[in-house]
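A.B. asks: Okay, predicted coordinates and the sequence, questions at the end:
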Amino acid sequence: MEEIKQESTKQPNREVKQINLLAFKDPKSPVAEAYRTIRTNLQFSGVDKEMKVVEVTSAVPNEGKSTVMASLAVVLAQAGKHVLLLDCDFRNPTQHKLFGLTNRGLTNFMANGDDYSPFIQHVEQENLDILVSGPVAPNPSEMLMSNKMQTLLDRARSEYDFVLIDTPPIMPVTDAAVLGAKVDGVMIVIASGTDKPELVQAAKTRLVQGGANILGCILNKVQVGGGRYGYGNHKYGYGGYGYGYGYGYGYYYGEGNEKTSETQQKSGSE
């Protein structure tokens, strides 16, 4: 298990990284439009109650929740919203891989720091700040329950229009349920044709029992028919599907360990 390095820095990381997500690279694509629909639904969900801090999880691994979260953050920022993307998946962090960032962030701050600002990293999308997970933590649930995490969320709520939080799947571990009570709402990513209804219901039950406010579900990996909409030769290789990302899931392996799964783009859907 990798130790959390107690580092600090005086200035935020201002190096700007390129974004390879389709929602950013091809904003006119059906994929980008799908994320804009999610963005609209999220904004309307806050009519009666402010929805600023939102968690995204899934029932089990390999649903594509991390890329859904990253793409949603991009389209919210494109709409002029000031967004913080927070990777609280301390067991198998993914956001730094998706955006090509250094995995130095939240756990470093939690171990040694009173200000998360120096750990913020930047990408080429204006209005989008990212706080990656940092090195794998030995006590993820305890970190999420801590007063320091609550203080971070309270401050981020006051500084950003939206705080989007990536968490582990709900069925293998309790992290998503622990954090669910601290956020305004939770969205569940469901893999079309893969998840059994009883599994999704069990995931919802765990979240509700933990005090989470379920905003709704995002149906992912939806096959729309080979070339039905004329995208069989799409330059991103998405013929016949919605989105094209997927990743494996592993727990408690440090970065660089050969057992840790890397995010891989594939022809198919997320």
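C.D. replies: Alright, I've got the coordinates.

A.B. asks: Point out where the stretch 101-250 of the chain drops to low pLDDT.
C.D. replies: Counting by pLDDT under 70, the low-confidence segments of the stretch 101-250 of the chain come to 223-250.

A.B. asks: Next, residue 162: phi, psi?
C.D. replies: Backbone torsions of residue 162, given as degrees, to the nearest 10, read phi -140, psi 140.

A.B. asks: Can you report how many residues neighbour it?
C.D. replies: Around residue 162 sit 27 other residues, with neighbours defined as other C-beta atoms under 10 Å. For every residue, glycine as well, the C-beta is placed using N, CA and C.

A.B. asks: Surely it touches residue 56?
C.D. replies: No: when contacts are counted by C-beta atoms under 8 Å, residue 162 is not listed as touching residue 56 (11.7 Å).

A.B. asks: which residues do those two both contact?
C.D. replies: A shared contact of residue 162 and residue 56, defined by C-beta atoms under 8 Å, 6 or more residues apart in numbering, is any residue touching both; here there are none.

A.B. asks: Model confidence score at residue 15, please.
C.D. replies: The score at residue 15 is 65. That number is its pLDDT.

A.B. asks: any idea where the helices of the stretch 151-270 of the chain begin and end?
C.D. replies: Counting by DSSP state H, counting those that start in this stretch, the segments of the stretch 151-270 of the chain that form helices are 175-180, 197-209.

A.B. asks: OK, contacts around residue 93?
C.D. replies: With contact taken as C-beta under 8 Å, 6+ apart, residue 93 is in contact with 87, 103, 132-134, 136.

A.B. asks: ok, the residues you listed vs residue 112, which is closest?
C.D. replies: residue 134 (10.8 Å; C-beta to C-beta).

A.B. asks: pretty sure the closest one contacts residue 106?
C.D. replies: Yes: counting by C-beta under 8 Å, residue 106 is a contact partner of residue 134 at 5.0 Å.
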